[in-house]
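Visitor: Sequence below, structure please.
(4 chains)
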There are 2 protein chains.
Amino acid sequence: MRKSSKKVSMSVIRRLPKYYRFLNDLNERGFQKISSMELSKMMGLTASQIRQDLNSFGAYGQQGYGYRVQDLRDVIHDLLGLDRPYRCVIVGAGNLGHAISHYEGFKNEGIWIRAMFDIDPEKVGQTHEGVPIFHMDYLDEYVHENMINIAILCVPRAIGQSVANEVVRAGIKGIMNFVPIDLTLPEDVVIEDVNISDSLYTLTYMLSRRS
Amino acid sequence: MRKSSKKVSMSVIRRLPKYYRFLNDLNERGFQKISSMELSKMMGLTASQIRQDLNSFGAYGQQGYGYRVQDLRDVIHDLLGLDRPYRCVIVGAGNLGHAISHYEGFKNEGIWIRAMFDIDPEKVGQTHEGVPIFHMDYLDEYVHENMINIAILCVPRAIGQSVANEVVRAGIKGIMNFVPIDLTLPEDVVIEDVNISDSLYTLTYMLSRRS
DNA sequence: TCATGATTGTTATAATTATAACAAAACCGT
DNA sequence: ACGGTTTTGTTATAATTATAACAATCATGA
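Guide: Below you'll find the predicted structure:
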């Protein structure tokens, strides 16, 4: 029944988390079905785009009926790779690190924050809301023993690149980077940047056009 | 000399902060000029794209020479709206709020974090690294008296929308939203979302394609 | 001052992404 | 079981974005 999926374009991938968020919500609120039209109004996209997007990874709707919320949610869940576990460490136990360590939205998704790493003797050895803080010297060993596959980088800008190098040397292939720099790392390492100043500048740009 | 600027496309706007970051860096390192070729290698874009991008808001290069780093940096600075001051408040004085309040990268850009707001009696009244924490009841008055134009939203998901409504009611037109929900607000309010879970899901997607 | 080489500005082309349109399929009430 | 209605899947078209190509322009050194 399900058609073999065509190529999923980069634009669609960028939208997947949003679809996932809305479908999860609909599912929790007990909705059985949803039409592309209804979804388009909720999400601020066109119905046409939604149908094309969903179609690009296989057809999961029924003509004359709509999409089954639960099914679609599950498909996107798996497509996002959330059918396997992710064991993360946070590197840099400052305020940002702590904030991420108990960020709501990771729960129930197989994304586990296992430990934090720092070099500050004040912090090392402590435990924060169940997450232990270790010394950076222990990173390599910990990563291997605990099969860590994601590092979340929350260190000061000045040491961002060198800490990233350490992380990669420990064998980690996925980095979520909160440091406002462009990391230079091997091809096989996946980097997802969360650049807070870039986002703020986009906001100031928009605001300055309004007045 | 400078041609009248054509329309600056959304894709270019999204890249502006990155250009700004690299040009600032080059400028600080004392570079006088830069060619689209050199910049393309640094930034991981094509030289062609860079020339088109820069051209879309007026031509600032010299043929046979390149672009003057300082000039170009200044132009983008102004284009991003950074020639006027931004007075921000952080709403939600948790770890994330505190992290943002002394985020490196806002300094020297006319972006001022003036105060934080919360409802927790433990926090209200305190001052953190020079940033006072006030009660939410005082938001409206504070915003007007201090001409606040940006609110940075760092509250729990459950109260995200209602707090955003309060912020808008206080007259703020620019919101940086760290809450993992899609805010519904009047047309004239500019929202910039920083959705940490969305970014993480993009990362898990990429990682799951690699193995 | 002139010729050469470098590098932009700009136009032409390709690729990607979004929208529109509609036939095919499935639901639903009778 | 059937006809009308809904809503998808898909194709066709438009818009946006990226790349390539090259003529126009300027810097530079002889």
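Visitor: For the longest helix seen in chain A, give me every contacting residue.
Guide: Longest helix in chain A, counting residues (DSSP state H): helix A:10-28. Residues from elsewhere that reach helix A:10-28 (C-beta atoms under 8 Å, 6 or more residues apart in numbering or on different chains): A:34, A:39, A:42-43, A:45, A:53-54, A:56-57, A:69-70, A:72-73, A:76-77, A:79-80, B:180, B:182, B:195, B:197-198, B:201-202, B:205. Quick note: C-beta positions are derived from backbone N, CA and C, even for glycine.
Visitor: Give me the subset of these lying in strands.
Guide: Among those, the ones falling in strands (DSSP state E) are A:I34.
Visitor: Please check the contacts of helix A:10-28 and keep the buried ones.
Guide: Using 16 or more other C-beta atoms under 10 Å in any protein chain shown as the burial test, these include A:34, A:39, A:43, A:45, A:53-54, A:56-57, A:69, A:72-73, A:76-77, A:79-80, B:180, B:182, B:195, B:197-198, B:201-202, B:205 as buried.
Visitor: near DNA strand C too, which of the residues you listed?
Guide: For DNA strand C, the contacts drawn from those by C-beta under 7 Å from any atom of the strand are A:L45.
Visitor: near DNA strand D, which residues of chain A show up?
Guide: Neighbours of DNA strand D within chain A, by C-beta under 7 Å from any atom of the strand: A:3, A:34-37, A:47-48, A:51-52, A:54-55, A:59-67.
Visitor: Buried ones from those, can you make that a PyMOL selection?
Guide: Here is the PyMOL command that selects the buried residues among the residues of chain A next to DNA strand D (16+ other C-beta under 10 Å):
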select buried, chain A and resi 34+35+36+51+54+60+61+66+67
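Visitor: rewinding a little: narrow the buried ones among the contacts of helix A:10-28 to those in helices?
Guide: A:39, A:43, A:53-54, A:56, A:69, A:72-73, A:76-77, A:79, B:197-198, B:201-202, B:205.
Visitor: how is chain A carved up into domains?
Guide: Chain A breaks down into these domains under automatic domain parsing: A:10-79, A:86-198.
Visitor: ok, and which of those domains has the densest surroundings?
Guide: Mean neighbours per residue, mean count of other C-beta atoms under 10 Å in any protein chain shown, is largest over the domains of chain A for domain A:86-198, with a mean of 18.
Visitor: re earlier: columns mean pLDDT on top of the domains of chain A, output as a markdown table?
Guide: Formatted as a markdown table, the domains of chain A follow (pLDDT from 0 to 100):
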| stretch | mean pLDDT |
| --- | --- |
| domain A:10-79 | 95 |
| domain A:86-198 | 95 |
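Visitor: Now tabulate the ones you listed in a markdown table and tack on distance to B:V91.
Guide: Below are the domains of chain A laid out as a markdown table (distance: least, C-beta to C-beta, whole Å):
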| stretch | distance to B:V91 |
| --- | --- |
| domain A:10-79 | 22 |
| domain A:86-198 | 15 |
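Visitor: helix/strand/coil for the closest residue to DNA strand C within chain A?
Guide: Relative to DNA strand C, the nearest point of chain A is A:G64 (2.4 Å; C-beta to the nearest atom of the strand). Look at A:G64: counting by DSSP: H, G, I helix; E, B strand; the rest coil, its state is coil.
Visitor: Likewise for A:P121?
Guide: Here A:P121 is recorded as coil under three-state DSSP.
Visitor: Ok, the one 3 residues further on next?
Guide: Three states are possible here, and by three-state DSSP the one that applies to A:V124 is coil.
Visitor: quick one: it and A:P132 touch, right?
Guide: No. A:V124 is beyond contact range of A:P132, at 9.5 Å (criterion: C-beta atoms under 8 Å).
Visitor: Grab the longest strand from chain A for me.
Guide: With secondary structure taken from DSSP E, chain A has its longest strand at strand A:111-118.
Visitor: Can you get me the centre-to-centre distance for it and its chain?
Guide: The chain centre lies 15 Å from the centre of strand A:111-118; the measure is C-alpha atoms, centre = their mean, to the nearest Å.
Visitor: Paired strands for that strand, with orientation please.
Guide: If you go by DSSP bridges, strand A:111-118 pairs up with strand A:86-91 (parallel), strand A:131-135 (parallel).
Visitor: Is any residue of the next helix or strand after the last one near chain B?
Guide: I take that to be strand A:131-135. Per DSSP states H and E, the first helix or strand lying C-terminal to strand A:131-135 is helix A:139-145. No. Judged by C-beta under 8 Å from any C-beta of the partner chain, helix A:139-145 stays clear of chain B, getting no closer than 14.9 Å.
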